[in-house]
Each structure stands twice: as structure tokens, then as C-alpha cells.
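Chemist: Have a look at this prediction, sequence included:
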Amino acid sequence: MVAMKVLCLAVERVDSLAFGSADKKVGKMDVDSSPMTAQKYNIMSIPSLIIFKNGEVFETMIGMQTKDTLLEKLAAAAK
Amino acid sequence: MENKYDLVIVGGGPAGLSAAIYASRRKLKTLVVAKAIGGQMALTNEIENYPGLDMISGFELAEKLSKQAKGFGAEFAYNEISSLEKNGDDFIVKTMKEEYHAKAVILAFGLTPRDLGVPGEKELTGRGVTYCATCDGPFYKNKTVAVVGGGNSAVDAAVYLSDLAEKVYLIHRTDKLTAEGTLVDLANSKKNIEFLFGNQVKEIKGEGKVESVVLAEANNLEKVTGEYKVDGVFIEIGYQAKTGWLKGTVDLNEKGEIMVDKNCSTSLPGVYGAGDCTDHEYKQIVIAAGDGAKSALRAYKYITEKAGGKVLPDWGKK
């Protein structure tokens, strides 16, 4: 439960950074109710964040990320 | 300048958030810079000793505190500070890319889990190596895990994991666990916990994720005692104040904690320390919160007196 709440906070944060651009969508997933999907993406720690580009995994980040890092990775993905 | 503040608070745990509440009520333009809100507290499931609250989750308390601070006008930046320097009368605190100017600074960034410092640990962090059993435990249902440590958090983690995992190894340097008696009894009663006493971790191995852990004699790293197949390694060997970046700026004790006086002043005027990252003996949420209040009032006094203003007492109408 703790992990889920931490993740929601992380999602809110990414959402606020990506806000204003229609081409970016931010979602969250509960690993307890979707263990198969978690396994598919090799998720072993919470919070984990995956940037998808054109439906493909672009970057996987583990742990709480700083604003600097998030902006950097999002910019790299947007190129 | 946009990034100019009266007060920058480094850290978003109970100390930093309480400082933010007190500072913004004194109309100080306050910024909290923290990677995450709540710190260690946010990962605590049940807090039963915070005065006035029967029971609350750490995350909920963190949310309440940050909401309260925001309500009084405190701003938040989710980032990590990497340097602090004095610049004339002001201070400059920097993240990787941004910098903030402040008249006073409160250091309240708490403690960070201690790492083993062995090969494979860093590379496999989040890939089987973890420092938070309650966060990542559910990923190890019916798997084999190792817990490193012998104190309360290690034994607690082993007990918690024994209900999820098929097998739990508890690796400890001596044959005596330092955890509380009741916790040790509970661990002893679990059939799937195997104690590997007198051992230290030499290496964590795996391609892309943890596959095994190599152990050596506690007093001789060269004498390998075995290699155990595991899916996860939970490191629970205590916490440390990550203050390397402050060396030479403020005085630190031999543990690396920030040395403060009874009113939270550090060796550098205008810089204050609060909560677990200081040399205060008791690492408790309520004490951190109290430190936060003290440090904010001190910062307010420092800023006001420097500007030639009158310091008002903390009572009376706002």
C-alpha cells in the first residue's frame, strides 16, 4: 500500500511536468493487481518509471526521480 | 530574480516540513527542495507514537504536513541539492541544473540507507538489490531472498519476507542478532528463515538481475564460505547521514552528522540543521518536527535581525 501511494505521487509529478503537451500521456499501474505486466517489463522495485516512445520502451528508471532527471529524459524521448 | 528566497529548506521529511510550516507563517518566502515528501517516515506503515494521533500511516502524516505548509505559502521543488555555498550575505544552493539564492538555509535531509559497498550492489540496485522490504517485498512471492543485517530492521524484514518468499536467508556478521527479543523469537519460529551467521557479503552476482550472493567469513573477505542462489538481496544495515557534500562548509561529527547547538544552529551562521541528519541522539519523528520548528524560528530571527527588523515572539495574533 505504501508503495502504491509513493507511485501515485511520482505519477502526479511526471504528469505536472508533461502537462500541456497532448502527445504525452502519463499512466500508473498497480503491480499487485497486474503482476504479469510487471514481470513482462522486469519491474522489481517501486517506484519504477518507464518512458514509452511509439509503443516501445524508451527508458526505464528505478526509484524516485528528481525534476532535473525527469525533464532530461523526457526531452531525450521527445527528440 | 525568480529563484530568490528568504529560506531554502533541504529535505521534505518531518523536520523540513515542520520548518516550512513555521517559516511560512512568519512570512518568509520559503522553498522546500526534496526528492520525495516524507522521507523515511513515508515508508512507515503505522506510526503510533506521534502525540495526539492514535495511529497514522507515515505517508498520510507526510501529506498532511506538506498540505499544511503549502497552505501557509511554502513552495516545493522536487529535486536534489548537491552543493551549498556562501555568496556575500546570501547562500547559493544548487541542484544539477538549477540554483536557488537564500538568506538562510535549513538542512533537514534525514538519513539514507547504508550500502554494503560490494561488487554488483550498485549495478543491481532495483534489479533485485533493494533497501526497502515493505516496498519491494511483494515482488518476491514464492522466491528465494537474502536479508543482510542483524538489527531490528533486518530481522523485521526477514520476518515480513518469510510470509511471502519461499526461503529467506538472514546474513549476519556475528552469531548474535541485535534486534529486540520478541522479534528474534518470531524469526526463530519461522521455518523458512535460515540463519547464515558469521558471514559477510563479498559480491552480488547477476546478469541484468540478481542471481546469487557470494559470502565470505566475517573477518576474512578472502575466505569464501559459499554462493547462494537468490532472486533478491535486501540490505538492512542501518542508515547514514549523506553529508559528504557539506564537508568544509559546516562542522560534522565522526559519524558524518551535522553538528548543531540546542537551537539547531550549525557552525556556519545562517545555516541550520534539523532532524535525523544532525547529531541529536534520538531519531524520532516528533523530535525532527520540533527541530524543524526551532530551526525555522532561528532562521527567522537571523534574517529579521540582519535586516534591522524587530523579532516578534511566537505568540499573539498573526
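Modeler: Looks like it came in fine. Everything numeric here is computed off the predicted structure, so don't read it as measured data.
Chemist: end-to-end on stretch A:50-60?
Modeler: Its start and end residues considered, stretch A:50-60 measures 4 Å (Cα to Cα, to the nearest Å).
Chemist: That one and chain B in contact?
Modeler: No - no part of stretch A:50-60 sits near chain B under the criterion Cβ under 8 Å from any Cβ of the partner chain; the closest distance found is 9.0 Å. C-beta: built from backbone N, CA, C; applies to glycine.
Chemist: now the helices for the stretch 101-250 of chain B?
Modeler: Assigned by DSSP state H, counting those that start in this stretch, the helices in the stretch 101-250 of chain B fall at B:133-136, B:152-162, B:181-189.
Chemist: brain fart, chain A
Modeler: Ranges of helices in chain A, per DSSP state H, are A:2-18, A:35-40, A:67-78.
Chemist: Show me what residue of chain A gets nearest to chain B.
Modeler: residue A:62 (3.2 Å; Cβ to the nearest Cβ).
Chemist: Pull the contacting residues for that residue.
Modeler: A:45, A:48-49, B:125-127 (Cβ atoms under 8 Å, 6 or more residues apart in numbering or on different chains).
Chemist: Put together a markdown table for those, with neighbour count on each row.
Modeler: Listed next are these as a markdown table, based on neighbours: other Cβ atoms under 10 Å in any protein chain shown:
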| residue | neighbour count |
| --- | --- |
| A:45 | 21 |
| A:48 | 19 |
| A:49 | 21 |
| B:125 | 19 |
| B:126 | 21 |
| B:127 | 19 |
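Chemist: before we move on, back to that, need the least confident one among the helices of chain A, by mean pLDDT.
Modeler: Lowest mean pLDDT within the helices of chain A: helix A:2-18, at a mean of 62.
Chemist: residues in chain B within reach of chain A, list them.
Modeler: Proximity of chain B to chain A, by Cβ under 8 Å from any Cβ, involves residues B:35-37, B:42-45, B:57-59, B:77-80, B:95-98, B:125-128, B:130, B:134-136, B:138-139, B:208-209, B:232.
Chemist: Go again with 6 Å.
Modeler: Residues of chain B lying close to chain A by Cβ under 6 Å from any Cβ of the partner chain are B:35-36, B:43, B:59, B:78-80, B:95-97, B:126-128, B:130, B:134-136, B:139.
Chemist: Which of the contacts of residue A:62 fall within strands?
Modeler: Per DSSP state E, strands hold the following members of the contacts of residue A:62: A:48-49.
Chemist: Closest one to residue B:63 out of the contacts of residue A:62, please.
Modeler: residue A:49 (20.6 Å; Cβ to Cβ).
Chemist: Name the nearest residue to that closest one, sequence neighbours excluded.
Modeler: residue A:61 (4.5 Å; Cβ to Cβ, 6 or more residues apart in numbering or on different chains).
Chemist: and that neighbour, how many neighbours?
Modeler: Applying other Cβ atoms under 10 Å in any protein chain shown, we find 16 residues neighbouring residue A:61.
Chemist: try residue B:118
Modeler: Other residues close to residue B:118 by other Cβ under 10 Å number 20.
Chemist: again with residue B:113
Modeler: Number of residues near residue B:113 (other Cβ under 10 Å) recorded here: 15.
Chemist: and residue B:178, how many neighbours does it have?
Modeler: So residue B:178, with other Cβ under 10 Å, has 13 neighbours.
Chemist: Then residue B:269?
Modeler: Around residue B:269 there are 11 residues (other Cβ under 10 Å).
Chemist: if I look at the nearest residue to it once chain neighbours are set aside, how far off is residue B:252?
Modeler: Excluding the flanking residues, the one nearest residue B:269 by Cβ to Cβ, 6+ apart is residue B:302, at 7.1 Å. Taking Cβ to Cβ, to the nearest Å as the measure, residue B:302 falls 21 Å from residue B:252.
Chemist: Looking at the two, which is more packed in?
Modeler: It is residue B:252, of residue B:302 and residue B:252, that has more neighbours when counted by other Cβ under 10 Å, with 22 against 19.
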